[in-house]
Each structure stands twice: as C-alpha cells, then as structure tokens.
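**Student:** generate coordinates for the sequence data below:
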Amino acid sequence: MFPHRLNDPRAFEIAECLLGGFNRHYRLFRETTAKAKARFETADWHGQQRAQADRIEFYDQRVGENVELLQSRFGASQLPMEVWQQVKLHYIGLLTDHLQPELAETFFNSVCTRILHHSYFHNNFLFVRPAVSTEYIENDEPAATPTYRAYYPEPGKLAETFRRIVTNFQLQRPFANPARDAAHVMDAVQSRLGGERWRTNFQIQVLSSLFYRNKGAYIVGKIVNGFREIPFALPILHDANGQLVIDAMLFGEDDLLMLFSFARAYFMVDMEVPSACVQFLRGLMPKKPRAELYNAIGLQKHGKNLFYRDLLYHLRHSSDKFRIAPGIKGMVMLVFDLPSFPFVFKLIKDFYPPQKDTTRELIQSKYLLVKQHDRVGRMADTLEYSNVALPRHRFDEELIKELKHFCPSLLEENGDDLVLKHVYIERRMVPLNIYLQDATPAQMETAVVEYGNAIKDLVAANIFPGDMLWKNFGVTRQGKVVFYDYDEIEYLTDCNFRKVPAPRNEEDEMSGEIWYAVNKGDVFPETFGPFLLGHPGVREPFMKHHADLLDPAFWQRCKDAILAGHVHDVFPYDANRRFAR
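**Tutor:** Predicted coordinates for the structure are as follows:
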C-alpha cells in the first residue's frame, strides 16, 4: 500500500533528480537524431552508422549516471521502501504535463532496478502499468511542430500536393527530376485508387519528420478518402550523381510492415511526442504491437518495457507451459518457448562442447554487435533482460531439468517464481531446416533463393554469419529468411577468404583430415557445399542462383569494396517496386 502522507523531503528531491536524468537523456537522444537530416543530405553514410550505434548506448549511460548521482547524494540503495513509494508518487505528479511520460516511467524503472534488489520489484514503486495517460498529448506551444500535417488536394492538383509534401521537408540537396518523380507517384496513386471517386474529406496525412535509416529517408503517411485509409511510404535516395530521387511508392499495411520489420535497424526520427507518432503508425499498421513500433523508432528500452507488460498480460490469460523449443538444440544457447506466445527465450549455457571455443562474454558481445549494427532485414532484433521472474508452475518439468543442467548460474528460485538472471527474447520463426522438410518443390526453390539473398544482404552489411547451416535461419510470416544464431558472426572485413590448396600428393587427397594450415579468421567457401547441399532439391536452385557463395573471389570482392569505404544499398522492398529511371 502507498503511504497516505508524503512526509519525507528526500522523496521529492529524488523524483526531481530522476526526471532530470531522463530529460537529459531525451534531449541528447533528440539532438543526435535531428542531425540525421544533415548526414543524409551530405551522404555521410558512415557517420549515420556510427550515430546509430552510439544512440543505442545513450540510454544505459544516462541510467548509470543517474544511479551514481542518487547513490552519492542520497545513499539510494539504503533507503527504506516507504521512501521509494513516496518517490514514485512525486514522480507521477511531475509527469502530469510531460510530453514523454511513458518514456520517463521506463527510465524510472531502469534506475530503480539498478539500485534495488529484484525481490523488491513490485507494483508499489515500479511502473508495471502506466500511471500517466498518453492519449492526445501534443505540444500546444504556437511554434511547436505538430505530429503530422494534413493536405487537402484540389481536383486536378494531386501531383502538386505531393510536390509540396516533399518540399516541405526542406532537404538541402536538389532533386534530380522533380517532375518525373511526381509523375511516377501519380501513376502509383492512380493505379492504387483506380477510378475511385474522391469523397468530401479527401486528404493526405503525413508525419512531420522524415524517417532516416541506412542510405534512405522515408516520408510516411496515409491517403484518406471517406472511410478508406491507404498507408504509404515514399523512399528518398541519392542517385549516382548525388542528387535526390523518389525511388518507389510503398502502399498498404504489408509494405509498411516490411519497412518497419523487427529484422531492420532502428529509424532515426525526430519526435517531441513519441506516443503521438506511435499512435499514427498504429493506424497504418494495426497488427504491429506498440512495443515493436517503439523499437522501430529507436526507443527500444520503452519497447522492452511494453513487451514485458504484454508478456505478463498474456501469462494471466493463458495456461499452456513453457517448453523446450522445437528443432535442433543449440550448442551454446538453450532455447524455449510458450506455444501460445510468438517469441522464443534464449539463455547462454554455462558450458559448451569442445568445438565451440567461446565464452559467455564473447557471446554477449556478438548480440550487442547485432543490436548496434545495420540488420538489413536479415537479423532478428533481440530484447535482452535481466532478472525476469516467471511463474514456476508454467514451466514444463523437462525444461526445468534442462535449465538446471545447462544454465544453473542463470537460475534462481524465488518463492513461486523462477528468476532468469539473463535472457534474450526474439520473435519466433519457423527454422529453415524444418520449413524445407515439408516444402513443395516451388516453396523449396523460393526458400533457397531467399536463403542466399539473406547471406548476400548480410555480406553487404559487413557481416559474415559464421555458421551458415539451415537451422540457424528462420522463415517469417512474409516468407523472408532471417538469420538468428549470432554466436559465430564476424565482421566480413576481419575474415580471410581462401581457396582450398591443392593436395600435395595422393595421400593428402585420400585423407579425411585437412592437409593445410588454417589460421584464425580463415574461411574456405568451397567447403560450404558438403554441409549445405546434400539434398538435390536444395542443391539445384542454390547452384542456379547462388553458386558464387562457394567462390572465395566473391567474398573477397565484397570485403575489398567495404574496406574501400563503399556502403551497399539494401532496400526494404523488392527491386521490382522501384521506379524506372
């Protein structure tokens, strides 16, 4: 129960320090995000990549600073629970007119869980549920930028309206051919609308900030015609001459789901009121959980918070049990799932087979690399948690035995709960090896082509996946192939791609052992075939479309291009959607 009186003067000061820490964090977050526009205009792709990685680190840095401040000024970890309960009440009061209250609540949780033992994490002083509504928040200052702008085209002037939408973003770089781009957009819109009659309230609503990622900037909005709403996105790219072009027009929820996929890097998008931005995006993608939308716009810590709330809510309204995940068991990760919940839970084992020369710290560094890297639609995002308490009775006994055997250092019994001290959570996909077992010949060919494309997209992003076995890739609902086993990934530029030396003699040729020296970082692409292409239904499409993956020269060319500073284009839409130029 909360105290009826707020009688400890330290509580208000602590609440102010907490909110000050969050405000500093969000100010720095917005500053680096706002600079994405200049980086895009100047084609500073490497700077964009560095900013992407740095921004992910901001949150934990600010939390650490706030923890240190509260410890030094107030001895925070030694304060009685009554004080923390009062701190929360004061904090709620301070958020009354705040523009990012949901993010500030998450920041409060992050600081408190760093300071206090996890046995104290309960509703009395953590924001397990939101305390401040985010409905209809807007900055009412006259000079404030609204979350979105509405445009009302006059008959016959739709192209002019779209030109105005684009120019309103005031990109400081010329478009190569604005009239051509407008004609392409008009053709796409008319093809989508067909002969549909304009209703009284025909309008176009567009979010006020561009969405920056990789080498693109995206206009995101919707066409409203009566009761019909059509989501759209316009990708803006640099052409070969460094001028701007509208590259395509993406329409409908499915296209936007691919653009905002969990396997892609977070957008840089400047938002004063993130909840309003997410509300708009949910109107475009109602199937997309709010947690994933917050992740997509770079607010992944709040996305984690929302995901955890979704998990707790699901557990209250389900009765199935956590089980060992179907498929081939991993050598370094123990993976389990809840059949009714579309995610998998991954724990690093305490020990590994001899062939796995790795450590827990090294594996964690690989997952952090993926979090900070451009995932190009081919690496699943992971949510990393510490001290997750789950009801023990919801665990299958076989799973508990596995956990106690392989991960005893990560388990703690706490009353009726099983506490996981460190866990990664990823969206569940169908393992590619299982998908291929039941696939028709046409499905098999499509999946194999996608598999090769996935590897080539990773290569373009300077990632060598390491273990390329089918079991380490998954198939999404949209049929995309995504990589999800990160313990052996390396930067492509750290690898040495070699051709297998010719046997020195007949004895070498007949030997089951390798006859040549292998140094750290050496990769022999010719040796991939025996592990991957045993099934003729797999071998034929692979050799037809991706035989170059077995050629060291292909890998070396890609490595040389990256070392020369080239940043590849990887599009979140099919090439056939691009406008002809």
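
**Student:** how many other residues sit next to the nearest residue to G64 once chain neighbours are set aside?
**Tutor:** Leaving out its chain neighbours, the residue that sits closest to G64 by Cβ to Cβ, 6 or more residues apart in numbering is R114, at 7.6 Å. For every residue, glycine as well, the C-beta is placed using N, CA and C. R114 has 18 neighbours, counted by other Cβ atoms under 10 Å.

**Student:** kindly report the same for N453.
**Tutor:** 16.

**Student:** that one and V481 touch, don't they?
**Tutor:** Yes: at 7.3 Å, N453 and V481 qualify as touching, with contact defined as Cβ atoms under 8 Å.

**Student:** returning to that earlier point: measure the residue nearest to G64 to V63 for me?
**Tutor:** 6 Å (Cβ to Cβ, to the nearest Å).

**Student:** go on, K366?
**Tutor:** Distance from K366 to V63, by Cβ to Cβ: 23 Å.

**Student:** helices of the stretch 351-500 of the chain, start to end?
**Tutor:** 360-372, 397-406, 432-437, 441-460 (DSSP state H, counting those that start in this stretch).

**Student:** ditto for the stretch 51-200 of the chain
**Tutor:** Secondary structure of the stretch 51-200 of the chain (DSSP H, counting those that start in this stretch): helices at 81-94, 101-115, 158-167, 178-193.

**Student:** V335 is nearest to which of these?
**Tutor:** helix 101-115 (25.1 Å; Cβ to Cβ).

**Student:** for that closest one, list the C-alpha coordinates in CSV.
**Tutor:** Only the C-alpha atoms of helix 101-115 are listed here, as CSV (Å, rounded to 0.1, in the frame of the first residue of the first chain):
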residue,chain,number,x,y,z
PRO,A,101,5.6,10.4,-19.8
GLU,A,102,5.7,6.8,-20.9
LEU,A,103,9.5,7.0,-21.6
ALA,A,104,10.1,8.8,-18.3
GLU,A,105,8.3,6.0,-16.5
THR,A,106,10.5,3.4,-18.2
PHE,A,107,13.6,5.4,-17.2
PHE,A,108,12.4,5.4,-13.6
ASN,A,109,12.1,1.6,-13.7
SER,A,110,15.6,1.3,-15.2
VAL,A,111,17.2,3.3,-12.5
CYS,A,112,15.3,1.7,-9.6
THR,A,113,16.1,-1.9,-10.8
ARG,A,114,19.8,-0.9,-10.9
ILE,A,115,19.7,0.3,-7.3
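
**Student:** what sits up against that helix?
**Tutor:** For helix 101-115, contacts defined as Cβ atoms under 8 Å, 6 or more residues apart in numbering pick out 18-19, 21-22, 25-26, 59, 62-64, 66-67, 70-71, 76-77, 84, 88, 91, 95, 98, 121, 125-127, 130-132, 134, 137, 274-275, 299, 301-302, 304-305, 386-387.

**Student:** can you tell me which of these are buried?
**Tutor:** Buried subset of the contacts of helix 101-115 (neighbour count, 16 or more other Cβ atoms under 10 Å): 18-19, 21-22, 25-26, 59, 62-63, 66-67, 70, 76, 84, 88, 91, 95, 98, 121, 125-127, 130, 132, 134, 137, 274-275, 299, 301-302, 304-305, 387.

**Student:** is it true that L28 touches F58?
**Tutor:** Yes: applying Cβ under 8 Å, one finds L28 in contact with F58, separated by 5.8 Å.

**Student:** hang on, the earlier thing: comparing the helices of the stretch 51-200 of the chain, which comes out most buried?
**Tutor:** Here the criterion is mean neighbour count by mean count of other Cβ atoms under 10 Å, and of the helices of the stretch 51-200 of the chain the winner is helix 101-115, at a mean of 23.

**Student:** what about stretch 519-536, how long is it end to end?
**Tutor:** Stretch 519-536 has its terminal residues 33 Å apart, counting by Cα to Cα, to the nearest Å.

**Student:** try stretch 164-175
**Tutor:** 13 Å.

**Student:** just want the phi and psi numbers for P231.
**Tutor:** The phi/psi pair for P231 (degrees, to the nearest 10) reads phi -70, psi 150.

**Student:** residues in contact with it?
**Tutor:** G221, K222, F251, G252, E253, D255, L256, G283, L284, M285.

**Student:** great, nothing more from me.
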